[in-house]
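> Predicted structure and sequence below. I'll ask about it afterward.
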2 protein chains.
Amino acid sequence: MIREKYARLAYHRFPRTTAQYLGHRRVDTTPPEEGLPDFHPPPLPQEDPYCLDNAPPNLGYLVRMQGGILFVYDNKKMLERQEPHSLPYPDLETYTVDMSHILALITDGPTKTYCHRRLNFLESKFSLHEMLNEMSEFKELKSNPHRDFYNVRKVDTHIHAAACMNQKHLLRFIKHTYQTEPDRTVAEKRGRKITLRQVFDSLHMDPYDLTVDSLDVHAGRQTFHRFDKFNSKYNPVGASELRDLYLKTENYLGGEYFARMVKEVARELEESKYQYSEPRLSIYGRSPEEWPNLARWFIQHKVYSPNMRWIIQVPRIYDIFRAKKLLPSFGKMLENIFLPLFEATINPQDHQELHLFLKYVTGFDSVDDESKHSDHMFSDKSPSPDIWTSEQNPPYSYYLYYMYANIMVLNNLRRERGLSTFLFRPHCGEAGSITHLVSAFLTADNISHGLLLKKSPVLQYLYYLAQIPIAMSPLSNNSLFLEYSKNPLREFLHKGLHVSLSTDDPMQFHYTKEALMEEYAIAAQVWKLSTCDLCEIARNSVLQSGLSHQEKQKFLGQNYYKEGPEGNDIRKTNVAQIRMAFRYETLCNELSFLSDAMKSEEITALTQ
Amino acid sequence: MIREKYARLAYHRFPRTTAQYLGHRRVDTTPPEEGLPDFHPPPLPQEDPYCLDNAPPNLGYLVRMQGGILFVYDNKKMLERQEPHSLPYPDLETYTVDMSHILALITDGPTKTYCHRRLNFLESKFSLHEMLNEMSEFKELKSNPHRDFYNVRKVDTHIHAAACMNQKHLLRFIKHTYQTEPDRTVAEKRGRKITLRQVFDSLHMDPYDLTVDSLDVHAGRQTFHRFDKFNSKYNPVGASELRDLYLKTENYLGGEYFARMVKEVARELEESKYQYSEPRLSIYGRSPEEWPNLARWFIQHKVYSPNMRWIIQVPRIYDIFRAKKLLPSFGKMLENIFLPLFEATINPQDHQELHLFLKYVTGFDSVDDESKHSDHMFSDKSPSPDIWTSEQNPPYSYYLYYMYANIMVLNNLRRERGLSTFLFRPHCGEAGSITHLVSAFLTADNISHGLLLKKSPVLQYLYYLAQIPIAMSPLSNNSLFLEYSKNPLREFLHKGLHVSLSTDDPMQFHYTKEALMEEYAIAAQVWKLSTCDLCEIARNSVLQSGLSHQEKQKFLGQNYYKEGPEGNDIRKTNVAQIRMAFRYETLCNELSFLSDAMKSEEITALTQ
């Protein structure tokens, strides 16, 4: 119920079935498609995806950051009176109470035992289901015309744009630029123009000789448990010059090379027809100019693709910027990240490019090494972001709360204007403290990784009951935090957690041209997944994604938003109805246990 | 030394280093390229690969099968006198003595202990090498210009032509034929012509609805330890009509559909540029017409590709043909298999098509379910093939001996004429009895699978010392006989056995378009193989293959046939010299132990 509250506030998703059982609301009369997040449908084929017309007018609202959260005022007078525009605003005190409630829950002995047993039960139940119904499921799929694993829609739910091409692709692209335009000016250093040839000369390198080995952007045994080494792999040949030139949106060429490569990846997706991807682009929060620059990059280089929907990732590296004196406080970083979005929402006319770009952005991600320890414990006593001026990095939970808080207000403001909303989809549970998963349980619509759910039965059970989507990347984990054979994906899938498969960083982890298919193939081979398993994962990935309502209807069926077998159209998903029924009955069974227990507690309370 | 004898007789390969140590021949003056098997170099770009001119003249020799082996006679008179042409002919008695020698060796207690310890030592030694030299190896590769894992040559050393396309490819092809030529006559049944539409009508199927699931040619959990189920997967939609139509060389269309698909696979290999494959085509031995038919299929449909070299597989299914009364004896089956080859060798003028086709054939494979038990024990008391008329199938070792024996005679005859020779490359050690690996130790140039070497330290050590190439297909094993994580490939590679990676059956086991890359990628990911490991495997695959001397020089370096680091050209193979030196020193070290022991035994013998 706590999660439901935060989800509703932010237009995140919460399963109706779970809500009904917990709230004793056996009959829910609101139409099920209501309360869904709002994503722009893609432009029609005849429409120009870069058309800047029809931006809504300026509302004239004012925005001020107070305690790390942006408040909206109707006008100057209301600002002076400190009466913000009527929107839900987060309340830190309530949040920390809710947080500590869940923290208490996950360490409570009897609760742990209960959840552990239920999870074991779920796993055994699936094994039984498999033994009994495997052949019937396959029979259903065999008699399902025209649809198989290859032509069901799959979304790569977690992928970083700067590593979305594979290593061979990057290598070929670098060689190609050198062959075709060696004398082009590609950088400027202290007023001196530098050509591509000079860049490579200064690195004492002939691109003809360059290989995947010397490029050295692939993770290997050396990166295991070394996120720092992994991060430095983003520098081709170890040279940050090449990262700036080829993998950044802001540089002398206005990010042209990067845009070209991303578009090549997009063309391949479009050709594959059934694959979609949600690449992450970075906003760092060093300056409010990052947003308009990114929007300009997107429009100028025509980066739009019907097979891509964009996520903005915010690296948790305030400490680095603060140490370099690029930022005075954490509050300023938040302001740089969110104020431009509020302004573009209130006054799209004056921020046409950003307004347009935001149509194709469907969420926010929070990224960085989770295994870094933080000394600070987030509570309502923590210094608020505007007075967080120390060089210390705020802890994970602090980042998550303030990102959620601002996204929540922004979503409500945008919803009021009929504009699209955003999902918060942080990296979570890849490493580090288990409490990260508590923060995300409240603040995130869905997460990437979630490995550490392995270590907390209570959280794992809660993620199951709330059907929180988890984008898992076992090949990434295999190079960084957890060996493939120990990855919990198979176990999570069997228990009924809402898992999808994603690549994270094809440049660093994959070998073939088709990274997402490589991910599915390896999972299928190593864990002997059935076609029904694979198609269930693919269906989950579409549900988890920021694809629009219209697209989901097209890819999964008219009623995709309904839970249980009635939400499944086997002709589109190739998931057996037997499987869907099993999942739904199993979830209802778990929920009814809880709901019965709640009722009997109420009765006991009443009769005492 | 026993293996060396059989290898030399058949123009199989035996490592010089091992030969020198065992024979105390410290100085071997024969040039190392001598004694190599002879494969035709591919036709030059301007040459017509199907040119039938220049077939050598008829020698007029006569051939007779005697005791399952083909004997060559210079003329009628010599035949009457029973004086065969001067060639080495096999001797069953010696063979069975040699065989029992090795059988005794592999069960000898002290030998087992010794080999077990040496193998453990080899494994630990490699671990140590890895810890000490991993970074140096990678540094060598990084500074190696222009060559990386993607552009080193790789050969798919074990693949069946009838399953060389992936399931999606087959599906697309079937749909395409139905769309473009539904009214074409594709079969004839009891004099009635049948169109493609009628074929599908009779199966109550609309190809538009056909999916990978209903096609049902992919192995899954149901095939584990069920070779019978696996075999039936070769029938699309479970219909043998479709297998005949799409996956056979002999049918109403003259195998056109199959040829077209194989050629599509070949075009993809040619585009990939660095990948080669050695597909197996079947000769069953039911009739002597199979050979000319196959040659005609090859030439008529222009199946030649520079990226493919062909292997002939002979299924061990005499019992089935005998039960159907298609064959009177096992000897007849051998005669159907080998006599056409002898005739085409003696009189190419009258067998021009077969003579041409044989230029592109480089070996023989022996295939079927090894786990089938046989009651018969092969010995020199066994009935010879001409009197093997029972319905019982001869055992594995019997098949192997008679195939080897005929290939050996044939190779000598062909060598005499300056024609190419063949390698015997049976499936071996995939399942069943460990003695299969003993048979192959004598008779095979190299084998496919070799999984059961895991169970015999003596044989494993012998395969190591003789550096017998093993084409391993862990994804195939994963669906049939051994889970991926338990596959010994990594362990064999570490110890220094000569392993390569191969796909076996992309149609049944792989998910992506690039089956061989999928095989490499999964091995790399699951076992965390280094680039040097991968390139070593790729180099092994080229060495193992039937690519010609000229191609191997081009792909691996001028001196590829020399052993140790001097045979490695890192600019072409991307294998670190540190690795090559380690392998060579390690092998020499093992051999010198044996050689020293042999010497001291001789001295003891002399002084007694």
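Yep, that arrived.
> which non-adjacent residue is nearest residue A:349?
Leaving out its chain neighbours, the residue that sits closest to residue A:349 by CB to CB, 6 or more residues apart in numbering or on different chains is residue A:55, at 5.0 Å. For the C-beta atoms, the positions are set from N, CA and C on the backbone; glycine is no exception.
> can you tell me how far residue A:526 sits from residue B:484?
Separation of residue A:526 from residue B:484 (CB to CB, to the nearest Å) stands at 6 Å.
> residues shared between the contacts of these two?
Here residue A:526 and residue B:484 share the contacting residues B:522, B:526, scored by CB atoms under 8 Å, 6 or more residues apart in numbering or on different chains.
> Any idea how many residues pack against whatever residue of the stretch 301-450 of chain A ends up closest to chain B?
With CB to the nearest CB as the measure, residue A:449 is the residue of the stretch 301-450 of chain A nearest to chain B, at 17.4 Å. Number of residues near residue A:449 (other CB atoms under 10 Å in any protein chain shown) recorded here: 28.
> again with the one 10 residues further on
One way to gauge burial is a neighbour count; for residue A:459, by other CB under 10 Å, it gives 25.
> quick one: contacts for it?
With contacts defined as CB under 8 Å, 6+ apart, the neighbours of residue A:459 are A:106, A:434, A:437, A:438, A:441, A:453.
> which residues does the nearest residue to the fourth one once chain neighbours are set aside contact?
Same thing as residue A:438. Using CB to CB, 6+ apart and skipping the chain neighbours, the partner closest in space to residue A:438 is residue A:102 (5.2 Å). Neighbour list for residue A:102: A:2, A:438, A:441, A:442, A:462 [criterion: CB under 8 Å, 6+ apart].
> 10 Å instead, please
By CB atoms under 10 Å, 6 or more residues apart in numbering or on different chains, residue A:102 lies in contact with A:2, A:3, A:435, A:437, A:438, A:439, A:441, A:442, A:458, A:459, A:462.
> And for residue A:265?
A:159, A:161, A:164-166, A:169, A:277, A:279, A:305, A:307-308, A:506, A:515.
> again with residue A:450
Contacts of residue A:450 (CB under 10 Å, 6+ apart): A:427-430, A:436-437, A:440, A:459-460, A:463, A:468-472, A:488-489, A:492, A:497, A:499.
> Just the buried ones among the residues you listed, please.
A:427-430, A:436-437, A:440, A:459-460, A:463, A:468-472, A:488-489, A:492, A:497, A:499 (16 or more other CB atoms under 10 Å in any protein chain shown).
> Please flag which of these sit within helices.
The helices, defined by DSSP state H, take in A:436, A:437, A:440, A:459, A:460, A:463, A:489, A:492 from the buried ones among the contacts of residue A:450.
> Can you pull the residues of the stretch 501-608 of chain A lying near chain B?
Counting by CB under 10 Å from any CB of the partner chain, the residues of the stretch 501-608 of chain A close to chain B are A:509-515, A:517-532, A:534-535, A:574.
> mind redoing it with 8 Å?
Proximity of the stretch 501-608 of chain A to chain B, by CB under 8 Å from any CB of the partner chain, involves residues A:510-514, A:517-518, A:520-522, A:524-526, A:528, A:530-531, A:574.
> Is residue A:435 in contact with residue A:103, as I believe?
Yes: the pair residue A:435 / residue A:103 is scored as a contact, 6.8 Å apart, by CB atoms under 8 Å.
> more crowded one of these two?
residue A:435 (20 against 14).
> who's in contact with that one?
Counting by CB under 8 Å, 6+ apart, residue A:435 has contacts A:103, A:396, A:397.
> ok, now residue A:457?
A:112, A:115, A:116, A:119.
> and the gap between the second one and residue A:587?
Distance of residue A:115 to residue A:587, given as CB to CB: 15 Å.
> per-residue confidence for residue A:420?
On the pLDDT scale, residue A:420 is placed at 95.
> check contacts around it.
Shown in contact with residue A:420 (CB under 8 Å, 6+ apart): A:38, A:39, A:40, A:358, A:359, A:362, A:414.
> my read: the fifth one touches residue A:40, true?
Looking back up the chat, that one is residue A:359. Yes: counting by CB under 8 Å, residue A:40 is a contact partner of residue A:359 at 4.4 Å.
> any idea of the mean pLDDT in stretch A:513-525?
The average of the pLDDT scores along stretch A:513-525 is 96.
> And for stretch A:595-608?
Per-residue pLDDT over stretch A:595-608 has a mean of 82.
> Name the nearest residue to residue A:455, ignoring sequence neighbours.
residue A:434 (6.0 Å).
> Tell me the residues of the stretch 51-200 of chain A that contact chain B?
So far as CB under 8 Å from any CB goes, the stretch 51-200 of chain A lies against chain B at A:134, A:138, A:141-151, A:168.
> got the contact list for the residue nearest to residue A:360 when sequence neighbours are not counted?
Counting by CB to CB, 6+ apart, residue A:360 lies nearest to residue A:310, which is 5.2 Å off, once chain neighbours are set aside. Neighbouring residues of residue A:310 by CB under 8 Å, 6+ apart: A:278, A:279, A:280, A:281, A:357, A:360, A:361, A:362.
> Can you convert the contacts of residue A:265 into TSV and add a column each for distance to residue A:8 and neighbour count?
Converted to TSV, these look like this (distance: CB to CB, whole Å; neighbours: other CB atoms under 10 Å in any protein chain shown):
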residue	distance to residue A:8	neighbour count
A:159	29	27
A:161	31	24
A:164	33	26
A:165	39	24
A:166	40	27
A:169	42	18
A:277	29	27
A:279	29	22
A:305	32	21
A:307	31	21
A:308	29	24
A:506	36	29
A:515	36	29
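> Restricted to helices, list those.
Using DSSP H, the contacts of residue A:265 in helices are A:169, A:506, A:515.
> I'd guessed the first one sits against residue A:264; true?
This means residue A:169. Yes: counting by CB under 8 Å, residue A:169 touches residue A:264, with 7.1 Å between them.
> Mind listing the shared neighbours of the two?
Common contact partners of residue A:169 and residue A:264 (CB under 8 Å, 6+ apart): none.
> For the residue nearest the centre of chain A, which residues are in contact?
Geometric centre of chain A, nearest residue: residue A:425, 3.5 Å, by CA atoms, centre = their mean. Going by CB under 8 Å, 6+ apart, residue A:425 touches A:311, A:363, A:364, A:365, A:444, A:445, A:446, A:447, A:448, A:471.
> again, 6 Å this time
Counting by CB atoms under 6 Å, 6 or more residues apart in numbering or on different chains, residue A:425 makes contact with A:363, A:365, A:446.
> Which helix or strand contains the spatially closest residue to it that is not a sequence neighbour?
Spatial nearest neighbour of residue A:425, excluding adjacent residues (CB to CB, 6+ apart): residue A:363 at 4.7 Å. Secondary structure from DSSP states H and E places residue A:363 in strand A:361-367.
> Note down every partner strand of that strand and its orientation.
Strand pairing for strand A:361-367, determined by DSSP bridges: strand A:310-315 (parallel), strand A:423-424 (parallel).
> What is whichever helix or strand comes after it packed up against?
For strand A:361-367, the following helix or strand on the C-terminal side (DSSP H and E) is helix A:396-416. Judged by 3 or more CB pairs under 6 Å, 6 or more residues apart in numbering or on different chains; DSSP states H and E, the packing partners of helix A:396-416 are helix A:2-10, strand A:69-73, helix A:330-346, strand A:361-367, helix A:435-443.
> Neighbours of the residue nearest to residue A:14 when sequence neighbours are not counted, how many?
Closest residue to residue A:14 apart from its sequence neighbours, by CB to CB, 6+ apart: residue A:7 at 4.3 Å. Neighbouring residues of residue A:7 were enumerated by other CB under 10 Å; the total is 21.
> Let me know whether residue A:7 touches residue A:16 as I believe.
No: applying CB atoms under 6 Å, one finds residue A:7 not in contact with residue A:16, separated by 11.7 Å.
> picking that back up, if you look at the contacts of residue A:265, which of them are in strands?
Here DSSP state E is the test, and the contacts of residue A:265 give A:159, A:277, A:279 as lying in strands.
> Tell me the confidence at the first one?
Which is residue A:159. So residue A:159 comes in at 98 (pLDDT).
> who touches it in this structure?
Counting by CB under 6 Å, 6+ apart, residue A:159 makes contact with A:277, A:279, A:503.
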